[in-house]
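Novice: I would like to see how this sequence folds:
(one chain, ligands or ions: 1)
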Amino acid sequence: MAAIAEPYRIKMVEPITLTTRAQREEAIRAAGYNTFLLRSDDVYIDLLTDSGTSAMSDRQWSALMLGDEAYAGARSFDHLVAAVRDNYGFPYVCPTHQGRGAEHLISKILIRPGQHVPGNMYFTTTRLHQELAGGTFHDVIIDEAHDPGSLHPFKGNIDIGKLEALVAKVGAENIAYVNVAVTVNMAGGQPVSMENLRAVREVCDRHGIILWSDATRLAENAWFIKHREPGYADRSSASIAREMLSHVDGLTMSGKKDCLVNIGGFLAMRDERILLKARELVVVYEGMPTYGGLAGRDLDAMAVGLHEALDDDYLTHRIGQVAYLGERLSAAGVPIVRPTGGHAVFLDAAAFLDHLSQDELPAQSLAAEIYLDSGVRAMERGIVSAGRDDQGRNRHPKLELVRLTIPRRVYTNSHMDVVADSVIRVHERRRDIGGLEFVYESPTLRFFTSRFAPI
Ligand SMILES: CC1=C(O)/C(=C\N=C(/C)C(=O)O)C(COP(=O)(O)O)=CN1
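Specialist: From the prediction side, this is the model:
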């Protein structure tokens with residue numbers, strides 16, 4: 001992929017400092033070998049997450065200054081509704097404080113206890129809110145998504161056969177909705193094709209099932225369709241995104257990703273009955289229907305960022321930066337999920353540390369080792385993130401990954417070179433790396449707050 005320069009110039013900077021190895025050894029011990037528990041000041045290049053870590057533009061900061069902080073009926077809400085209508089094609093919007101706020105509401109609205117929710121691979125908070133509403137998640141993603149080495153161009157696709165089999169097994173009336181995530185975070189930021197969206201729509205229409213989308217990384221998915229799916233090369237990512245969303249009944253959005261803001265989320269839909277139910281719940285859990293747990297200025301920043309994230313020059317650079325890091329690591333023989341996705345390079349920790357069993361927590365250990373080597377913070381996306389099933393047994397996902405998640409408009413490729421050099425160094429001494437064990441296991445979404453120690 002031809003290198004392109006950042007399609008912006010930097011107007012403000014935030015100094016970062018490199019710690020010493022001794023400082024990092026103390027810091028990771030104090031954090032219980034969990035990178036989530038590190039202090040930001042102890043982190044050099046922060047690749048923990050792309051969620052809420054974007055740099056906002058001058059237009060977004062200007063919009064913040066114009067935020068309307070009226071408790072009800074604020075102009076800022078009108079600006080968000082207009083941005084969603086004009087860019088995504090939905091008439092109705094219910095703001096929430098962030099994505100999981102929206103997941104909470106839509107799970108309560110659409111799921112009756114005992115129902116089933118098929119989707120393209122799990123995401124941690126999404127599945128938990130579906131379960132808290134009494135639903136059961138079923139993974140209906142194509143098999144290639146679980147194979148780090150598969151070069152399938154749309155590994156996020158739903159397997160129509162798996163979906164039809166579930167409908168036949170449980171009955172359409174017992175499926176709350178189908179959830180299609182674009183892109184698929186836990187598979188490696190992998191996209192869904194337009195052809196697959198149309199095919200899933202046809203199945204849902206035939207059975208009378210709602211098709212919902214987790215549109216958290218919608219813009220990146222649209223860019224992959226433009227560059228990988230026949231017939232879309234001459235289309236803008238923005239127009240592709242609208243076509244994608246024309247196939248779904250509504251969406252859950254974490255604005256902290258593809259709306260380029262540090263806080264924010266929303267539900268968008270066409271069915272006014274869903275909107276009315278969302279408004280009943282939002283006043284209980286998030287705030288008024290016109291602010292949803294956010295300040296007016298946040299709504300304005302999200303309205304601007306939602307549009308900016310669909311720009312092709314921005315997306316080509318953003319996704320090109322992920323590819324740049326991935327290509328450097330692949331060239332050095334470091335095992336990663338291929339092809340590289342939209343928001344991160346995912347290290348295949350099972351292959352990287354193939355002398356460890358999954359129960360020795362290889363991804364958790366590798367994330368800690370990378371931090372120790374260079375102060376680069378990554379995130380575990382393997383057995384720890386997968387949690388325990390309803391029998392209390394550890395789930396054993398096929399993918400045992402470490403995510404190097406690149407914030408939007410924050411780092412340059414010089415930072416990516418520092419990251420690549422560090423991971424390559426750790427890879428060269430991988431045989432010296434041991435496993436970790438729990439010393440404290442938090443009961444819910446354990447990857448956030450559990451603590452570990454070397455075995
Ligand atoms: C696909 C998807 C996500 O990736 C997601 C949050 N992701 C985080 C925090 C991440 O680090 O990937 C959420 C939850 O959004 P929230 O972090 O509550 O704004 C929903 N869907």
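Novice: by contact count, what packs against the one helix or strand Ser107 maps to?
Specialist: Here Ser107, judged by DSSP states H and E, is contained in helix 99-110. Using 3 or more Cβ pairs under 8 Å, 6 or more residues apart in numbering; DSSP states H and E, the elements in contact with helix 99-110 are strand 92-96, helix 124-132, strand 211-214, strand 250-254, strand 265-269, helix 272-285. For every residue, glycine as well, the C-beta is placed using N, CA and C.
Novice: Of the ones you listed, which is nearest Leu66?
Specialist: Closest to Leu66 of the helices and strands packed on helix 99-110, according to Cβ to Cβ: strand 92-96, at 17.0 Å.
Novice: That closest one near the ligand anywhere?
Specialist: No - under the criterion of Cβ under 6 Å from any ligand atom, the ligand is not reached by strand 92-96; the shortest gap measures 8.6 Å.
Novice: from the chain's centre, how far out does that strand sit?
Specialist: When distances are taken as Cα atoms, centre = their mean, to the nearest Å, strand 92-96 is centred 19 Å away from the chain's centroid.
Novice: which ones are touching the residue nearest to Ser193 when sequence neighbours are not counted?
Specialist: Ranked by Cβ to Cβ, 6 or more residues apart in numbering and with sequence neighbours excluded, the top spatial neighbour of Ser193 is Phe154, at 4.1 Å. Neighbour list for Phe154: Gln190, Pro191, Val192, Ser193, Asn196, Phe224, Arg228, Glu229 [criterion: Cβ atoms under 8 Å, 6 or more residues apart in numbering].
Novice: Next: Gly435.
Specialist: Taking Cβ under 8 Å, 6+ apart, we find Gly435 in contact with Leu353, Leu356, Ser357, Glu360, Leu361, Pro362, Ser365, Pro454, Ile455.
Novice: Now with 10 Å, please.
Specialist: For Gly435, the contact set (Cβ atoms under 10 Å, 6 or more residues apart in numbering) comprises 353, 355-362, 364-365, 452, 454-455.
Novice: May I have the phi/psi pair for it?
Specialist: Note on Gly435: backbone dihedrals following degrees, to the nearest 10 are phi -90, psi 180.
Novice: Spatially, what comes nearest to it if we skip its sequence neighbours?
Specialist: Glu360 (2.7 Å).
Novice: So for that neighbour, what's the pLDDT?
Specialist: If you check Glu360, the pLDDT there is 98.
Novice: before we move on, what about Thr340?
Specialist: Predicted confidence (pLDDT) for Thr340: 97.
Novice: same check, this time on Thr17
Specialist: Listed pLDDT for Thr17 reads 89.
Novice: give the contact list for the closest residue to it other than its chain neighbours.
Specialist: Distance criterion Cβ to Cβ, 6+ apart; nearest residue to Thr17, sequence neighbours excluded, is Tyr44 at 7.2 Å. Going by Cβ under 10 Å, 6+ apart, Tyr44 touches 16-19, 24, 371, 374-377, 415, 418-419, 422.
Novice: And the pLDDT at Tyr44?
Specialist: Confidence score, pLDDT, at Tyr44: 98.
Novice: Including distance to Phe438, could the helices and strands packed on helix 99-110 go into a markdown table?
Specialist: Below are these laid out as a markdown table (distance: least, Cβ to Cβ, whole Å):
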| stretch | distance to Phe438 |
| --- | --- |
| strand 92-96 | 32 |
| helix 124-132 | 17 |
| strand 211-214 | 29 |
| strand 250-254 | 28 |
| strand 265-269 | 31 |
| helix 272-285 | 31 |
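Novice: Kindly report the residues of this structure close to the ligand.
Specialist: Contacts of the chain with the ligand, taken as Cβ under 6 Å from any ligand atom, map to 49, 51, 98-100, 123, 125-126, 181, 185, 214, 216, 254, 256, 265.
Novice: Now, of those, which are buried?
Specialist: Using 16 or more other Cβ atoms under 10 Å as the burial test, the residues of the chain next to the ligand include 49, 51, 98-100, 123, 125-126, 181, 185, 214, 216, 254, 256, 265 as buried.
Novice: and which of those residues is nearest the ligand?
Specialist: Gly99 (2.4 Å; Cβ to the nearest ligand atom).
Novice: Make sure that closest one is actually in contact with Val261.
Specialist: No - Gly99 lies out of contact with Val261 (Cβ atoms under 10 Å); the separation is 11.5 Å.
Novice: shared neighbours, those two?
Specialist: Contact criterion Cβ under 10 Å, 6+ apart; residues shared by Gly99 and Val261: Gly52, Ser254, Gly255.
Novice: Could you pull up the contacting residues of the first one?
Specialist: In this case it means Gly52. Contact analysis of Gly52 by Cβ under 10 Å, 6+ apart lists Gln98, Gly99, Ser254, Gly255, Lys256, Lys257, Val261, Asn262, Ile263, Gly264, Pro407.
Novice: The last one too?
Specialist: Contact criterion Cβ under 10 Å, 6+ apart gives 51-52, 54, 80, 95-99, 102, 216, 261-266, 294, 298-299, 301-303, 305-306, 309 as the residues in contact with Gly255.
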